[in-house]
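Student: Next one to model:
(chains A and B)
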There are 2 protein chains.
Amino acid sequence: MIPAKKIEVCLTPALLPLFEIEHSIAVIIDIFRATSSICYGIENGAEAIIPVAEVEECAAYREKGAGFLLAAERNGEVVSGFDFGNSPFSYTPEKIAGKTVVLTTTNGTHALQLSLKAKKIVIGSFLNLSSLCSWLAERQEHVLLVCAGWKNNFNLEDTLFAGAVAHRLGDAFLRDDGAIAAADLFRLAQNDLDGYLKKTSHSERLKALGIEKDIAFCLQTDLTTAIPILADGRLVKMPPA
Amino acid sequence: MIPAKKIEVCLTPALLPLFEIEHSIAVIIDIFRATSSICYGIENGAEAIIPVAEVEECAAYREKGAGFLLAAERNGEVVSGFDFGNSPFSYTPEKIAGKTVVLTTTNGTHALQLSLKAKKIVIGSFLNLSSLCSWLAERQEHVLLVCAGWKNNFNLEDTLFAGAVAHRLGDAFLRDDGAIAAADLFRLAQNDLDGYLKKTSHSERLKALGIEKDIAFCLQTDLTTAIPILADGRLVKMPPA
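Tutor: Take a look at the predicted model:
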């Protein structure tokens, strides 16, 4: 029997126009580091994380009062003049509990902004993998895994995570070619994600930024259970069913 | 030592603007079935194959005289009123030797038209894999493997062939994430390409078209040695070095 639910992988935001996103739950994926940090921040009690596309939009929140933490990352670095960027170590309970973060990043918030027509938007990372997969499995909805990639091009770490989800959800969903490929790559890499990703050029670039600790942190599975979901333009913790 | 030559994989034509194609040799890949048939046709003595983007362009050659065979495929089927489409069995010596074919296809000729700024454009398929790889290995040039995909989206068969080339060329080239992923998928699938591709939705679609024989034909390795190359808008057999 052919399953009624589809799982598809959009390998880069440039391919989003090819999918009928309005019929799917979109899972936004930017493993290094935006969506990992969002999962960690929401788990650690951030009231909300507001994703914005542009640095200027983020800066504009300065005038809205002291209640906001402003986070801006471009090309892997904190934009000068901002509180912090997208390192998960900036999203600890001490720094973030009860706060609202306004966040803009090179790839992750870009992918999210392009996905706004989806039925629902949730945030995925290895940190909340099991929790996310359980929730997706229970829904009677199509799933579109949106890899943020690197400046609209394909990257391995986001694809591997999409593959982890496709692998977990298995035969209950009809998979497109992207989901088949991603799941196979995940199975190949799963016993040593960090080692596998060391082959990539992106990894070299991130190493040059001195963020190996961030990378190791973002590859931990099931450190958190919160699923960030977009509601009225803000990412908040999904309430219990 | 980091190799001076890059090998990159453009997973779909929609991603071509992200690559500096003008610095690379572009290999156009549309395994089912355009580039397989082009390799077979050029091997079998076709004088030239003229790739055109639109069915109307192809039809216009009717008025240029009887010297042209007109081939047009859309959505996997021969366009009504045309001599043939892109089945490799239409490109046998009896049908094609000494002839010039004017060809338009859903994906393959589209990818080629978008790649015209490349330093050189050559045609790849499993049929001419070894011959193509030897030639690429001898060049001191970057290589961009352009997967035609399916209507601008990712597909597995073109990616597997890109992976076969990346795998063969190995450490002599610096690989991007697309080339790393494609080579790993190829290694996973190489002992049973046909079985691996049976998992895909595209394969179901092609089966519905009744072209299983074409598929099996296109997955044969090294049936041919000719490398089709674009010269003055015509694909011709690359002359000996």
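
Student: So which residues make contact with stretch A:74-91?
Tutor: When contacts are defined by CB atoms under 8 Å, 6 or more residues apart in numbering or on different chains, stretch A:74-91 is touched by residues A:33-34, A:36-38, A:40-41, A:44, A:46, A:55, A:58-59, A:69-73, A:96, A:101, A:103, A:105-106, A:108, A:205-206, A:209, A:211, A:213-214, A:217-218. Just so you know, the C-beta spots here come from the backbone N, C-alpha and C atoms, and that holds for glycine as well.

Student: mind checking how far stretch A:42-59 is from the chain centre?
Tutor: For stretch A:42-59, the gap between its own C-alpha mean and the chain's C-alpha mean amounts to 13 Å (CA atoms, centre = their mean, to the nearest Å).

Student: now the end-to-end length of that stretch.
Tutor: When the termini of stretch A:42-59 are compared using CA to CA, to the nearest Å, they are 21 Å apart.

Student: Report the buried residues of it.
Tutor: By neighbour count, and taking 16 or more other CB atoms under 10 Å in any protein chain shown as the criterion, the buried residues in stretch A:42-59 are A:42-44, A:46-52, A:55, A:58-59.

Student: so after the worst-scoring helix or strand of chain A on mean pLDDT, what's the next helix or strand?
Tutor: The least trusted helix or strand in chain A, going by mean pLDDT, DSSP states H and E, turns out to be helix A:201-208, with a mean of 70. Note on helix A:201-208: by DSSP states H and E, the next helix or strand toward the C-terminus is helix A:212-218.

Student: Tell me the one among the buried residues of stretch A:42-59 nearest to residue B:158.
Tutor: Out of the buried residues of stretch A:42-59, the one with the shortest distance to residue B:158 is residue A:51. That distance is 33.6 Å, counting by CB to CB.

Student: For the closest one, give its distance to residue A:179.
Tutor: To residue A:179, residue A:51 is 25 Å away according to CB to CB, to the nearest Å.

Student: Over to residue A:173?
Tutor: Look at residue A:173 and residue A:179: by CB to CB, they are 8 Å apart.

Student: Next: residue A:162.
Tutor: Separation of residue A:162 from residue A:179 (CB to CB): 7 Å.

Student: overlap in contacts of those two?
Tutor: Where contact means CB under 8 Å, 6+ apart, the residues bridging residue A:162 and residue A:179 through contact with each are A:9, A:145.

Student: more crowded one of those two?
Tutor: Each of residue A:162 and residue A:179 has its neighbours counted (other CB atoms under 10 Å in any protein chain shown); residue A:162 has more, 31 against 25.

Student: Report the rounded mean pLDDT for the helix or strand that contains that one.
Tutor: Under DSSP H and E, the secondary-structure element containing residue A:162 is helix A:156-169. Helix A:156-169 comes out with an average pLDDT of 97.

Student: same deal with stretch A:60-74?
Tutor: Per-residue pLDDT values across stretch A:60-74 average out to 89.

Student: remind me which residues of chain A are low pLDDT?
Tutor: Across chain A, residues meeting the criterion (pLDDT under 70) sit at A:1-2, A:201-203, A:205.

Student: And the helices in chain A, which stretches?
Tutor: Read by DSSP state H, chain A holds these helices, from start to end of the chain: A:34-43, A:55-60, A:93-96, A:108-113, A:129-138, A:156-169, A:177-189, A:193-197, A:201-208, A:212-218.

Student: Point out the most buried one among these.
Tutor: Greatest average neighbour count among those goes to helix A:34-43 (a mean of 30), per mean count of other CB atoms under 10 Å in any protein chain shown.

Student: got a list of contacts for it?
Tutor: Residues contacting helix A:34-43 (CB under 8 Å, 6+ apart): A:28-30, A:49, A:73, A:86-88, A:90-92, A:96, A:101, A:103, A:105, A:107-109, A:123-128, A:148, A:217-218, A:223-226, A:228, A:235-237.

Student: thought residue A:188 was touching residue B:181?
Tutor: No - between residue A:188 and residue B:181 no contact is recorded; they are 9.7 Å apart, counting by CB atoms under 8 Å.

Student: quick one on the thing from earlier: any chance of the helices of chain A in JSON lines, with distance to residue B:16 too?
Tutor: Rendered in JSON lines, the data for those read as follows (distance: least, CB to CB, whole Å):
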{"stretch": "helix A:34-43", "distance to residue B:16": "26"}
{"stretch": "helix A:55-60", "distance to residue B:16": "28"}
{"stretch": "helix A:93-96", "distance to residue B:16": "41"}
{"stretch": "helix A:108-113", "distance to residue B:16": "19"}
{"stretch": "helix A:129-138", "distance to residue B:16": "32"}
{"stretch": "helix A:156-169", "distance to residue B:16": "19"}
{"stretch": "helix A:177-189", "distance to residue B:16": "18"}
{"stretch": "helix A:193-197", "distance to residue B:16": "26"}
{"stretch": "helix A:201-208", "distance to residue B:16": "19"}
{"stretch": "helix A:212-218", "distance to residue B:16": "30"}
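
Student: tell me, what's touching residue A:173 and residue A:179 both at once?
Tutor: Shared contacts of residue A:173 and residue A:179 (CB under 8 Å, 6+ apart): A:7, A:166.

Student: Against residue A:172, how distant is residue A:12?
Tutor: Here the criterion is CB to CB. By it, residue A:12 lies 26 Å from residue A:172.

Student: So for those two, which sits in the more crowded spot?
Tutor: Residue environment comparison for residue A:12 versus residue A:172 gives the larger neighbour count to residue A:12, 26 against 12, counting by other CB under 10 Å.

Student: rewinding a little: and the helices of chain A: which comes nearest residue A:6?
Tutor: helix A:177-189 (8.7 Å).

Student: So which elements touch the closest one?
Tutor: Taking 3 or more CB pairs under 8 Å, 6 or more residues apart in numbering or on different chains; DSSP states H and E as the contact definition, the neighbouring helices and strands of helix A:177-189 are strand A:5-10, helix A:156-169, helix A:193-197, helix B:156-169, helix B:177-189.

Student: Please name whichever of these is nearest to residue B:6.
Tutor: For residue B:6, the closest of these is helix B:177-189, at 8.7 Å, according to CB to CB.

Student: Buried residues, stretch A:221-240. List them.
Tutor: By neighbour count with 16+ other CB under 10 Å, stretch A:221-240 contains the buried residues A:223-224, A:226-230, A:234-238.

Student: Taking these together, which two end up most distant?
Tutor: Taking CB to CB as the measure, the buried residues of stretch A:221-240 reach their widest spread between A:223 and A:234, a distance of 22.8 Å.

Student: Spell out which residues of chain A are next to chain B.
Tutor: By CB under 8 Å from any CB of the partner chain, the part of chain A that sits against chain B consists of A:11-12, A:14-15, A:18, A:151-156, A:159, A:174-178, A:180-181, A:184-185, A:188, A:199-202.

Student: 6 Å - rerun?
Tutor: When proximity is defined as CB under 6 Å from any CB of the partner chain, chain A approaches chain B at A:11, A:14-15, A:18, A:152-156, A:177-178, A:180-181, A:184-185, A:188, A:199-200.

Student: Measure how buried residue A:198 is and give me the count.
Tutor: The number of residues packed around residue A:198, counting by other CB under 10 Å, is 12.

Student: what's it sitting at in phi/psi?
Tutor: Backbone torsions for residue A:198, taken as degrees, to the nearest 10, come to phi -60, psi -20.

Student: can you tell me which residues contact residue A:172?
Tutor: Listed by CB atoms under 6 Å, 6 or more residues apart in numbering or on different chains, the contact partners of residue A:172 are residue A:3.
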